[in-house]
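S.K.: Compute the structure for the input listed below.
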Amino acid sequence: MHIKRLQLALIHTAVAMTLVPINSTLNRVMINDLGISKTLFTILAIFPYLLAPIQVAIGSFSDRHPIAGYRRTPYILVGLILCVLGMAVSPQIAVLFTENFTLGVIVGILAFGMWGMGYNLSAVSYFSLASELSGEKGRGKTLATMFTFMVIGLIVTGISLSGMVKTYEPELLQRAFIIVAASALTLGLVGLFRLEPRFSRSADLSPRSETYTVKQMTAVIIKNPVAKLFFVYLLLLLAAILSQDVLLEPFGAQAFGMTLEQTSRIVSISSGFTLLAFIMAGLIEGRVKKKYVAQTGNLGALIGFIIIVVSGLTGSLTVFYVGIILLGFGTGLSTIANLSLMFDLTVPEKVGLYIGAWGFSNGLSRLVGLLMAGVIADVATQITGNALNGYLVVFGIEALMLFIAAIMLYRIDVGAFQKKAHEPEFADKVALAAE
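M.R.: Residues are numbered from 1 along each chain as shown. You can find the predicted model right below:
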């Protein structure tokens, strides 16, 4: 199982690596260097997450219909290839926006659309596979391995980008993105090699033989109070944490005059402390309740946002880095603990449905968070006449969202979820709700 954990980690790392150049470098170039509005960029950035509902369909369909004897591998492979292609094409958006705006928008939609489809295809599939291969007792170790390697990948990618693209030049940007794309594809293919055991037609598919739709998923989540609460909790939490991805680098340039090389390192600094948080989470696993670890992470990220706001008000780069460190560390603790909770809030015989539901919440949170970030930042800038204020308003709202999520976490009861989910009439309720 150690080798399979490593392979799953390589796949997760490969997919995550394809997002770093877009959210860390391309957004800085377009917003700060080229003067593209934050709203326009975030509209492109949210396009992939409009496709999030397909995660439910993918999860349930792959449960029922193995391709060439494999439930997950074909979807992971196609998803990885689409992520790589979308990222490799994306540098052209910056060039085209200055030469042919309409064509730039079209290419932007295609590039972000490819990445988004790839993300949705691969993520639900490899998380489902991770759950199936690890079993209930091994999920924690598998998650820790996957996210530890992912963060290492983010650190290396961020450092590499800062070295390859010190200043904005289209040729350098394209070359750097191609190198990252090739690296991600190689890691993903190594991870997929002989990872999933092949199922024969006679294999027992009955636990996964039901077809689920978004309507059925919604019915299942709504009828279980704990699942419904967790869905909203994830939505708020992830929207707050993930929406800063497209703002931190432009904020650093706006507030402190940081160069492209310097802002590209922000993801490496933040991810470095996220990695430390993962190590701490591994050391205290089983000794401290998951909810306590999650809450510590949530509050750490909340304080990080507040400190970032203070850095903008005081113009202190040192305070900004302190906020980045706290945000990264809090995100790390929150990620591991909440993902572990996610698997606890999953019924084994309906892995595809529940992983799809939580994946849908993840995608929806990115959509809401990114759109909020871009629109509110631009609106606040227009109202105050100061671009810096736009960023600070968004960071303040993100802190408030984390505060609300922290309150909600106290009400999430895994035992109550399991009891409700395993009621004898559960399947009948789902069937009736879908009619």
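
S.K.: Mind checking the pLDDT average for the helix or strand where residue 254 lies?
M.R.: Using DSSP states H and E, residue 254 sits in helix 248-256. Helix 248-256 carries an average pLDDT of 92.

S.K.: helices and strands around it, which ones?
M.R.: Using 3 or more Cβ pairs under 8 Å, 6 or more residues apart in numbering; DSSP states H and E, the elements in contact with helix 248-256 are helix 27-28, helix 260-264, helix 266-284, helix 290-314, helix 317-344, helix 387-409. Quick note: C-beta positions are derived from backbone N, CA and C, even for glycine.

S.K.: out of those helices, nearest to residue 416?
M.R.: Closest to residue 416 of the helices and strands packed on helix 248-256 is helix 317-344 (Cβ to Cβ; 11.7 Å).

S.K.: And the next helix or strand past the longest helix along the chain?
M.R.: Looking across the chain with DSSP state H, the single longest helix is helix 101-164. As assigned by DSSP H and E, the chain's next helix or strand after helix 101-164 is helix 170-192.

S.K.: Please point out which parts of that following helix sit buried.
M.R.: Going by neighbour count (16 or more other Cβ atoms under 10 Å), the buried part of helix 170-192 is 173-174, 176-177, 179-181, 183-185, 187-188, 191-192.

S.K.: where are the low-confidence patches of the stretch 301-435 of the chain?
M.R.: Judged by pLDDT under 70, the stretch 301-435 of the chain has its weakly predicted residues at 347-352, 355-356, 418-435.

S.K.: so how far is residue 48 from the residue nearest to residue 398 when sequence neighbours are not counted?
M.R.: Counting by Cβ to Cβ, 6 or more residues apart in numbering, residue 240 is the residue found nearest to residue 398 once chain neighbours are left out, at 4.2 Å. Counting by Cβ to Cβ, to the nearest Å, the gap from residue 240 to residue 48 is 19 Å.

S.K.: cool, and residue 227?
M.R.: 25 Å.

S.K.: just to revisit the earlier point, off-centre distance for the longest helix of the chain?
M.R.: 7 Å (Cα atoms, centre = their mean, to the nearest Å).

S.K.: quick one: that helix to helix 290-314, angle?
M.R.: Angle of helix 101-164 versus helix 290-314, following axes from the mean of the first three to the mean of the last three Cα atoms, to 10 degrees, is 100 degrees.

S.K.: Report the angle between helix 101-164 and helix 317-344.
M.R.: 100 degrees.

S.K.: State the mean pLDDT of stretch 51-70.
M.R.: Taken as a whole, stretch 51-70 has a mean pLDDT of 72.

S.K.: Give me the distance between the two termini of that stretch.
M.R.: Across stretch 51-70, the straight-line distance between its terminal residues is 24 Å, by Cα to Cα, to the nearest Å.

S.K.: For stretch 384-391, buried residues please.
M.R.: So, applying 16+ other Cβ under 10 Å, buried residues of stretch 384-391: 387, 388, 389, 390, 391.

S.K.: whoops, stretch 268-283 was the one
M.R.: 268-278, 280-282.

S.K.: ok, so of those, who is nearest residue 138?
M.R.: residue 282 (13.6 Å).

S.K.: For the closest one, which non-adjacent residue is closest in space?
M.R.: residue 144 (5.1 Å).

S.K.: how near is the one you found to residue 408?
M.R.: From residue 144 across to residue 408, the span is 25 Å (Cβ to Cβ).

S.K.: same thing with residue 385?
M.R.: 36 Å.

S.K.: same question, residue 364
M.R.: 16 Å.

S.K.: For those two, work out which one has more neighbours and name it.
M.R.: residue 364 (19 against 16; other Cβ atoms under 10 Å).

S.K.: just checking, the more buried one touches residue 235?
M.R.: Yes - between residue 364 and residue 235 there is a contact under Cβ atoms under 8 Å: 6.0 Å.

S.K.: tell me the average confidence for the longest helix of the chain?
M.R.: Rounded mean pLDDT across helix 101-164 is 86.

S.K.: quick one on the thing from earlier: can you tell me the SS state at the residue nearest to residue 398?
M.R.: helix (DSSP: H, G, I helix; E, B strand; the rest coil).

S.K.: all numbers from here: first residue = 839
M.R.: From this message on, residue numbering opens at 839, which makes the last subject residue 1078.

S.K.: what's the offset of the helix holding residue 1092 from the middle of its chain?
M.R.: For helix 1086-1094, the distance to the chain centre is 22 Å (Cα atoms, centre = their mean).

S.K.: What residues of that helix count as buried?
M.R.: For helix 1086-1094, the neighbour count (16+ other Cβ under 10 Å) marks 1086, 1087, 1088, 1089, 1090, 1091, 1092, 1093, 1094 as buried.

S.K.: Now do the contacts for residue 1032.
M.R.: Contact analysis of residue 1032 by Cβ atoms under 8 Å, 6 or more residues apart in numbering lists nothing.
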